[in-house]
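A.B. asks: coordinates only, sequence not included:
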C-alpha cells in the first residue's frame, strides 16, 4: 500500500515532533510542512528533508498529493483548519483541544455528519500510552469487576510562560482535559455533573489571567461511577502523571515516576532520577497515536479518538471552568446548547 | 518513676488493643478495665490479668489509684466521660472524634481552660506513624521548601456493618477526619474553606442512612495552601492509606501498600500481598501514641494532640458534611458558634 | 502457665537485647543476668530491673529458679556453657555459631542424644523474620514448584573493628553462616559440596588476620539444588540482606532495603533512606525467635532450630573456609570426622 | 552525508532484527540481505523492501555499493566472514561471540593491526542499554567512589532447544559472556583470574552436551576489584537481567523486571507483568548499538566495542569453561597463547 501522504500544519514543538514521527514510519510520509512563519517552515523542510514548505494553509488543503493533515497550530486556528481540511476530503489529526468553543466543536461534528467518508482523530495521546492501553485491556477482561472510580493526577513540572497561560483557556481546558478523556476512556461512561475547586498556590502571576495552578475536578458519571482529577503546575520534581481505576473487584494503578532503571545507594540513602517531562513520559504514546491514525485512515477504519470524544472532553472542561468560577456544581446537560 | 496507672473505658476492638499496648509498656499499667457489659469487662480483666473490672465508669473516675483514663467508648459517650475524668484530675486519652458535636467539643475545651493541670490527648494515631513522623521532620528541615498542598487517600477495605454506619456520623466525620488532622499537622496551617463531594458507588445500603462510600474534600488553608482528601469504603484489595505533601521545592510521598517483603514471580507475573487492614498498617502508630501519652503525662509535658486539634478536625468534618449536603463551599468561620 | 524463668549469660549488645526482649514478653521473665565484668552485670540488672546479677556462670546454671539459659557470650565460651546448662537441665538458647569447632558441636550433639528432655535452639534469627517465614510458607504451598536455587546476599555496612575480626573465625564462619542456614531452611536439603572464593577489596587490614571482606560461596545440595551466597563487609550505603529461591515454577524474592515508607522528590530526583543496620532489619526476627523459644520450651515442643542445624551450618562454614584457602571445592563428607 | 550502505549476512532472528533497525534509521540503508537459504533471503528482501538478496556471502563482500557488513550468521562462520569483509574494506558489525576460538579472535585482531582504517564492532548491546549507560556515567562522575565489585545476573526464561545448545559453546560462552563484557565495561579493569561452578538443576538434557543450566563465575581483576556472575536458563517467570556495581562510596543497581507500568490490586494482592524476553528488555539497546555503529563508521571514530573487547570476553568465557571442567581457578595469562 502507498504510504499516507501527510501535511503538518503548525510547526511548534508538537508539530515538529509529529513530523519527525511520521517520517520514521514506513506507512507515512510528510509531503509538506506549513507554518505562518516562512523561515520556520523553510528551515523545517530542510532539516527534515520534506519536499515542500508553505505559509498558507489553504494552499496545503487544496493539494491533491495530500491524504491527511496533522493540525498542530494554535487552538484558535483549529476550527477553520479542520473545516477546510474536511471540505477537501483530507483525513484530519488535530491536537487537543478540538476547538476553542463548544459551538465550534458542535459545528465540526455537524459537518462530519454530512460527510460519511470524513475522518478526524483528536490528539488524546494517553489512550496510546502502553500503560493506559494495558489498563483498558485489564478492564475489558474484567480484572477489576465493574470500574467505578477514576483518580487522575496530572502535575506539570512548573508553569508555561505567562504568554502561553494568557491564551491557554485555563488549567481545566489546557491540562485537566487529558484526564477528562482518560476517565471517559477507562470508565466507559459519560459525565453528567462536574464540581471543581482550586487556587493559585505558587505561581501568583496566574491570577492576573484568571487562571490557577492547582485544581481539583470531581466528576459523576451516568452509570453511577465518579472520578477525581488533580491538575497542577506545581511538580517541581518532574512530570508526574498517575491514574487509578477502582472497580468492584480490584484496582489498577498507573504512575511510574522513575526515569530509568538505575538506583544509586549511598550513605545519604537511595536516589533515582524522575521523569522530567512529557516527551520522556509519553514519547511512545505520541508515536503510537500517529501509527494508529495512519493505519485507521489507510484501512478505512473508524477513528480511535473521534470528534465526539473531542467534544465531550471540551464540555467537561467548560463545565469545570464554570463550576470553579461559580463555586457550584454544574450539570453537563444544562451546558450543551446543541 | 512509678508506672502510669491507667483505666481503659470501653472494651471494643480499640479499647482492648489499647489495654494490651499499655500492659506491654514499662512505664504504664492497667489497673482497671471498664465496660457496660459486665461479662466483657470480667473476661478482659481475666485475659489480660488486670486487677479490677468495672461496669460503672463513674466509679472508675473516682478511684484514687488511677492517674489516667483511656476512653474508647462509643463517640456518644465521650463528652460525659471526658468531663467526669477531668473533674477527678485524670489525664485523658480519647479516641477520635473528640465528641459528637462542636458544642460538646467547645465545652470540653472551656472546661480545660479552667483547669491548668488538665491533660487531654486525642487519638489521631497517624501523627505517631513512623512515615508521617519522618515526613514531618523532612518538612521541618526544609526538604520541600514551603509545604503548599496535601493529598490524602484513605480507603477502607469495604464498609463497616450497617449498624455501625447508622451511628458513625457519616464518612467525613468517621473516616476523612484522619486526613483532616494529618493535613493540619503536615501543612502547619488552619482550614478556612471546605468543599466536599461524593456519592455511593458500591454500598447501596448507605443511602438509607444518608451516608456515602466515596468522598472527596477540598480544603483551603489560611496560609494559601490547599488539600484534597479522598475517603472511601471501596478498597476491596486492602487497606490503602496514602499521603503527599507538595512544597515549593519538592514533594513527600507516603503510601507503601506491600504487606511484607516477599515477591513471588511466576509465569503469571509478579505478585505480593497488600496491607489488609489498619492493625497491620498502624500497629506501631497505636503503640507509639500511648507511649507518647504516658511520657507526656509522666513528665508534665504538653499534649501532643490537644483538645484544640480534636476540635479543629471536628469543625472541618462538620463543614465537609454540610458542604456535601448543601452542594456548596463552606467557610469554616461561619460554622463556629463559640 | 508460669512464665519461663530465664538467665542471660553474656551481656554484650546481643545479650542485652535478648534480655530486653524477654522482659517485654508475658510468658518469660529474666531472673538473673550474668557477665564476667561485674560492673556490667550490676548495671544491667539495675537498668532492666532484673532481680539478680552474677559474674560466675556456673552459679547461674546451678540455680533452681532458672528454667532456661540464653547464651550470648563470646563464641569461645559457648561449648562449656552449653554443656553445663544441659547438665543442670536448663533449656538452652545459644547465639550462632553453635561452637568454635566441629568437634565441640558434635560433642554437644552427643550429649543431647543422652538427654531425651534436653532442649537447645541456635540463634539463626532469619528463620523468624516475617519475610523468610512467608517465603517458607509459599514454598510449602508449592508456589514455586520444586525449590532449586538459593541466592543469598549479606552485606554488612562496613567492617567490625580489627579486634573483632581477629577472633571472628573469618567471614564464612561469622557472616556467611546466616545464609548457609537460610539456604538449608528454604531448600529443605543438605549441602554436599562447597566452593568458595573472595578477596579483600576495601578493608586492607583484614589480610593481616587471614580474613577477607568480600566472599562468594557456591553450594550444591544432595537433592540436586544449588546456591550462591555473597557475604561482604562493603555495603557503605546500609545493611543489605537479600534472598531468592528459584523453583521449577517460580521465584521468591526477599530484600526490601527502604528504611521507612517516605520518598522525597526534588529536582535532584527521588530519594529515600536505606535500612542502616541489623537492629532495624531484624528487630522483629530477634523478638520472634525468643517468643518461639519460650513457647517451645513451655509446651515441650521440638526446638525450631536444632543442634543439628547449628552443626550443619558450622560444617558448611568450615568447608567454605577450607575451600577458600585451598582454592578447591570441598566435599562436606570428607570434613566430618564424627 | 550519504546513508551508510549496509549488507546483513545471516537472516535468523537477530539478523532480521538488525535489518529492520537499520531500515528505520535515517543514516543507514540496507542494500542487500544474505543467507545460505535462498528462500529466506528472497522473502526477507521482499518483506523489508531491500533491493538485493544473495546466498553467497563472498559476492556480498565484493560489492562496491556496500560500506558495512552486519554479521549475524552462526558463530562458526564469523571468522571467515570477518576476514573477508576486512579484506574488502567493509566496516564490520559482528554478533557476539566474536569467533569460535581464541586463535581465530587473535588472528582477526592481527589482521586489523595491519589495516589502519579497519573498523569492527562486537554486538555487546548492553553497553547501549540506557540503564547500563547511565550507570557508566554515574561511575565516571565518581558517584560511587572507586568501583570495586560487579554482581551480574542473567537468567534466560528457559532453555534454547537442544539443537542450539549442542553448538552454543556452553553457558559461559553463550550466555555469561554478556556479563563478562559488562563487568569489564563498568569496572574499567581486566580480569586476571576466573573461578566457575555450576550444574544442571532443571534441564537434564543438557548434560548430554556437557552443558549446564545454572552457572556462577567469580572474577578477580588486575586493579583489585572482583565480580560474581550468575548465568542461568531457569527464569521461568521472565527474562531477568540485573547488575550492581559496588564502589567505595556507594552502589549502583540495575534490574527493573516490571514489563510495563500497570499494577493490579485485588483480594489476592498486587500483581504486575514481568519482562518476558530480550526483545522487550533490550529493544532500544539493539537499536542504539547500530546507531552508534553507523555514527562511528560515518565519522571515522573509534569503534565503541572493539576487537579487543571481543577477544577479552572470549578469554574469560574460555577460562570459565575450563575452570568449570577442571574444578579449579584459572589464571587468564596462562590461557592466552598469543
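C.D. replies: Everything's here; your move. Please read these numbers as outputs of a predicted model, since none were measured by experiment.
A.B. asks: Heading C-terminal from the helix or strand containing residue A:163, find the next helix or strand.
C.D. replies: Assigning secondary structure by DSSP states H and E places residue A:163 in helix A:162-166. Per DSSP H and E, the first helix or strand lying C-terminal to helix A:162-166 is helix A:171.
A.B. asks: residues in contact with the next helix or strand after that following helix?
C.D. replies: Next in sequence after helix A:171, counting helices and strands by DSSP H and E, comes helix A:177-187. Outside helix A:177-187, the residues that touch it by Cβ atoms under 8 Å, 6 or more residues apart in numbering or on different chains are A:96-97, A:124, A:126-127, A:132, A:135-136, A:139, A:147-148, A:150, A:152, A:154, A:190-191, A:217, A:219, A:221, A:223, A:225, A:227, A:229, A:231, A:243, A:245, A:305, A:309, A:312-314, A:316-317, A:320. (Each C-beta comes from the backbone N, C-alpha and C, glycine too.)
A.B. asks: Just the buried ones among these, please.
C.D. replies: Buried by 16 or more other Cβ atoms under 10 Å in any protein chain shown: A:96-97, A:124, A:126-127, A:132, A:135-136, A:139, A:147-148, A:150, A:152, A:154, A:191, A:217, A:219, A:221, A:225, A:227, A:229, A:231, A:243, A:245, A:305, A:309, A:312-314, A:316-317, A:320, out of the contacts of helix A:177-187.
A.B. asks: among these, which are in reach of chain B?
C.D. replies: Applying Cβ under 8 Å from any Cβ of the partner chain to the buried ones among the contacts of helix A:177-187, one finds that A:148, A:225 fall near chain B.
A.B. asks: Of the buried ones among the contacts of helix A:177-187, which belong to strands?
C.D. replies: Using DSSP state E, the subset of the buried ones among the contacts of helix A:177-187 located in strands is A:147-148, A:150, A:152, A:154, A:191, A:217, A:219, A:221, A:227, A:229, A:231, A:243, A:245.
A.B. asks: what distance separates the worst-scoring helix or strand of chain A on mean pLDDT from the middle of the whole chain?
C.D. replies: None of the helices or strands of chain A scores lower by mean pLDDT, DSSP states H and E than helix A:162-166, at a mean of 92. How far helix A:162-166 lies from its chain's middle: 19 Å, per Cα atoms, centre = their mean, to the nearest Å.
A.B. asks: Give me the residue ranges of chain A where confidence is low.
C.D. replies: Low-confidence segments of chain A, defined by pLDDT under 70: A:334-338.
A.B. asks: mind redoing it with 90?
C.D. replies: Residues of chain A meeting the criterion pLDDT under 90: A:1-2, A:24-26, A:167, A:333-338.
A.B. asks: how about the spatially most central residue of it, what does it touch?
C.D. replies: In chain A, the centroid-proximal residue (Cα atoms, centre = their mean) is residue A:124; its distance is 3.3 Å. Contact analysis of residue A:124 by Cβ under 8 Å, 6+ apart lists A:96, A:178, A:181, A:182, A:185, A:289, A:305, A:309, A:313.
A.B. asks: As JSON lines, those residues with distance to residue C:27 would be great.
C.D. replies: Compiled in JSON lines, those are given as follows (distance: Cβ to Cβ, whole Å):
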{"residue": "A:96", "distance to residue C:27": "66"}
{"residue": "A:178", "distance to residue C:27": "59"}
{"residue": "A:181", "distance to residue C:27": "60"}
{"residue": "A:182", "distance to residue C:27": "55"}
{"residue": "A:185", "distance to residue C:27": "58"}
{"residue": "A:289", "distance to residue C:27": "65"}
{"residue": "A:305", "distance to residue C:27": "65"}
{"residue": "A:309", "distance to residue C:27": "65"}
{"residue": "A:313", "distance to residue C:27": "64"}
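A.B. asks: farthest pair in those residues?
C.D. replies: A:289 and A:313 (15.0 Å; Cβ to Cβ).
A.B. asks: And for residue A:283, the neighbour number?
C.D. replies: Applying other Cβ atoms under 10 Å in any protein chain shown, we find 14 other residues in the vicinity of residue A:283.
A.B. asks: With the one 4 residues further on instead?
C.D. replies: When counting by other Cβ under 10 Å, one arrives at 19 neighbours for residue A:287.
A.B. asks: And the residue lying closest to it once chain neighbours are set aside, its phi and psi?
C.D. replies: Nearest residue to residue A:287 in three dimensions, chain neighbours excluded: residue A:21, at 5.0 Å (Cβ to Cβ, 6 or more residues apart in numbering or on different chains). Backbone torsions of residue A:21, given as degrees, to the nearest 10, read phi -70, psi -40.
A.B. asks: Nice, that's everything, thank you.
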